[in-house]
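Peer 1: take a look and give me a structure for this.
(chains A and B)
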Amino acid sequence: MILLEVMSSLRKSIEESVEACQRFCNVEFEIPKINLEFPELKIHGELSTNAALVFSKKFLLSPMALAEIMLKNFRKPEYIEDVRVELPGFINFFLSKSFFKKVLLDIDENLENYTEKNKKNKKILVEFVSANPTGPMHIGNARLGALGDSLSEVLKFAGFDVYREFYVNDAGNQIKKFAESLAARYVQIFDPTAKFPEDGYHGNDIKELADKFEKVHGSSYSNCDRKILEKAILDYALPKNIKNMKLNLMRYKVRYDNWFHESSLYDSGEIYSVLNKLKDGGATYTMEGALWFRATAFGAQKDEVLVRSNGIPTYFAADIAYHVNKFLVRKFDICVDFLGADHQGHIPRMRAAMKFFDIDDSRLKFIIVQLVRIVKGGEVVKMSKRLGKAETLGDFIDQISVDCSRFIFNMQDANSAMDFDINNTLKNDSNNPSYYVKYAYVRIQSILKKFSEIPDKKRLRFELLDSEFEHKLILELSKFPHIINEVAALMDPTLLARYAVNLSSVFHKFYNADKVRNESVSLSNARHFLCLQTAKIIKIILKILKMDIPKEM
RNA sequence: GCGCCUGUAGCUCAGUUGGAUUAGAGUAUUUGGCUACGAACCAAAAGGUCGGGGGUUCGAAUCCCUCCAGGCGUGCCA
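Peer 2: Here you go, the predicted structure:
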């Protein structure tokens, strides 16, 4: 869309003028990507570059002197009306009136087919939440869910072929422990003195599952072989837990294209073939009965166990197979893994493993999501291993508005720990930024209702939209595709939610300053059209962020 | 000890990858604006040694060093 076109032609023009300076001054260096910014102040134009400040040293010139020379060699691209050099060496660009007109027409005509027109022909797999099915999910999963789901939606909108996946850890050690814990609780129903494994899962949910199992099967398993009991109770409990996770995630508006089972890597033998490739490639060694991966040979700080001395492969081994499956079997171009901060140690070893398989580092993105602390009335709610009622995802969803909490999570950078005050931030009132955005939308809707017909855009006098806030609003609207690109480039969905708040703010200011329905018919029509396009952008953002689109509030 | 992350207004957080006389929002506090297209909004005041100290340069909240405080890792857990 138009802003992106202007930005790219502007970058090209700037580059050419730097090249001209290079020839003139007989200086050679490779020109990096030209940095374009959106200045705060109107007197600095709508776009600006610090290129002269950045390159001045290479020319042995002052930034101002270089900027002046660049200006002399500058070819103005379309839609740029004026170029000015400003202290200490910025070059500022002023957009033409035709640009502002073009922005509105662009949204009107091209927003609906944005995705089709921007098809990227690239497959991206986004894996997020992937909580252990051995117990209920917690609040941190809500943050992972909100961020992962929103990023996926943005990428999809941007034209990528996006595939959402939940990795179900239904194999290996922790499932063994899960089964043992369940069996022990079941046996305790009949013999309260029976032992419970030291390292088992002590949570109340295990007891509840065992009780339910007893309700169905009575004592029929109480005297059988322990292994048979473990298998039976696991087969009963695991699907229940997984179903429960699906249910809660669905309530949180998170849906997956696929639930990938770790166990399938064992069934298909992929995990063993991956282990063999690592062995054959000389990337492993045996020590104290365990099979180790030489992660240090591939850039990691320490080596890692792949197969324990008891013969059971580690989670890490299965995860290597899983990633090999993503990249080499299903041929995804890019894989994004959302990880809780407590899994950060996983990154270097996974990168090391991918290096062994010759998978380019840039194709695997990790997004670390820092922990969430729940605060209630100023006090931190402790997160213990024995999950109390208020700490599970299900109970969290009971207490809050899904839209609000998703929006809050989408506003805050993944990489900073956050305090979540259930009492204050999640009320359905003006304290919540999601209402600010929704309100802007509702306000527009009620304005639109006052007009009996949609203005004929061929006869609109766009040049009338020339007030401070009309200007700002159109400029803000023009940035939407740029924001989408930024989210995709930085894999940071928070940019979109913050943009939504900014855009709403500019709209509210415009609303207060300029009356849409006024004495002048041409001006009213032009502003009507501006409102229509603003509503379109807000609506599509609400859709992308999976928020309800309100008619009234 | 080592590794990753964090420290910005009373509180919750931004800060465009080193830029624009005065470091920004929201919230809380004080104040002004509905006989108006919806006041769930707008406007204004007040609020800061950007954790402390060094350094790098035309220029630092941003980069480097060091110290302080907190979170998370550092398992043949996941």
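Peer 1: near RNA strand B at all, stretch A:28-35?
Peer 2: Yes. Applying C-beta under 7 Å from any atom of the strand, one finds that stretch A:28-35 is in contact with RNA strand B at residue A:35. (Each C-beta comes from the backbone N, C-alpha and C, glycine too.)
Peer 1: how about that stretch: buried residues?
Peer 2: If you call a residue buried by 16 or more other C-beta atoms under 10 Å, then stretch A:28-35 has these buried ones: A:31, A:34.
Peer 1: ranges for the helices of the stretch 101-250 of chain A?
Peer 2: Under the criterion DSSP state H, counting those that start in this stretch, the stretch 101-250 of chain A contains helices at A:114-117, A:139-157, A:173-190, A:204-217, A:226-251.
Peer 1: now the stretch 451-553 of chain A
Peer 2: In the stretch 451-553 of chain A, the helices defined using DSSP H, counting those that start in this stretch lie at A:468-478, A:480-490, A:494-513, A:521-544.
Peer 1: contact partners of the third one?
Peer 2: Translated: helix A:494-513. Contact with helix A:494-513 is made by A:147, A:150, A:154, A:407, A:410-414, A:433, A:436-437, A:439-440, A:443-444, A:467-470, A:472-473, A:476-477, A:479-480, A:483-484, A:486-487, A:534, A:537-538, A:541-542, A:544-545, as judged by C-beta atoms under 8 Å, 6 or more residues apart in numbering.
Peer 1: how far is it from where the chain is centred?
Peer 2: Its chain's average C-alpha position is 21 Å from that of helix A:494-513, according to C-alpha atoms, centre = their mean, to the nearest Å.
Peer 1: buried residues in that helix?
Peer 2: Under 16+ other C-beta under 10 Å, the buried positions of helix A:494-513 are A:494-501, A:503-504, A:506-507, A:510-511.
Peer 1: with the second one instead?
Peer 2: Going by neighbour count (16+ other C-beta under 10 Å), the buried part of helix A:480-490 is A:480, A:481, A:482, A:483, A:484, A:485, A:486, A:487, A:488.
Peer 1: hang on, the earlier thing: and RNA strand B, which of the contacts of helix A:494-513 reach it?
Peer 2: Checking those against RNA strand B (C-beta under 7 Å from any atom of the strand), the matches are A:411, A:412, A:413, A:433, A:436, A:439, A:443.
Peer 1: now those: which count as buried?
Peer 2: Applying 16+ other C-beta under 10 Å to these, the neighbour count classes A:411, A:412, A:433, A:436, A:439, A:443 as buried.
Peer 1: can you put those residues in JSON lines and add pLDDT and secondary structure?
Peer 2: Output for these, formatted as JSON lines (pLDDT from 0 to 100; DSSP: H, G, I helix; E, B strand; the rest coil):
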{"residue": "A:411", "pLDDT": "92", "secondary structure": "helix"}
{"residue": "A:412", "pLDDT": "91", "secondary structure": "coil"}
{"residue": "A:433", "pLDDT": "88", "secondary structure": "helix"}
{"residue": "A:436", "pLDDT": "93", "secondary structure": "helix"}
{"residue": "A:439", "pLDDT": "94", "secondary structure": "helix"}
{"residue": "A:443", "pLDDT": "95", "secondary structure": "helix"}
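Peer 1: any figure for the gap between the residue sitting nearest the centre point of chain A and residue A:123?
Peer 2: In chain A, the C-alpha nearest the mean C-alpha coordinate belongs to residue A:151, at 3.0 Å (C-alpha atoms, centre = their mean). Counting by C-beta to C-beta, to the nearest Å, the gap between residue A:151 and residue A:123 amounts to 15 Å.
Peer 1: which residues touch the host helix or strand of residue A:445?
Peer 2: In this assignment (DSSP states H and E), residue A:445 forms part of helix A:433-450. Residues from elsewhere that reach helix A:433-450, judged by C-beta under 8 Å, 6+ apart: A:403-404, A:407-408, A:411, A:428-430, A:497, A:500-501, A:503-505, A:507-508, A:511, A:516-517, A:528, A:531-532, A:534-535, A:538-539, A:541-542, A:547-553.
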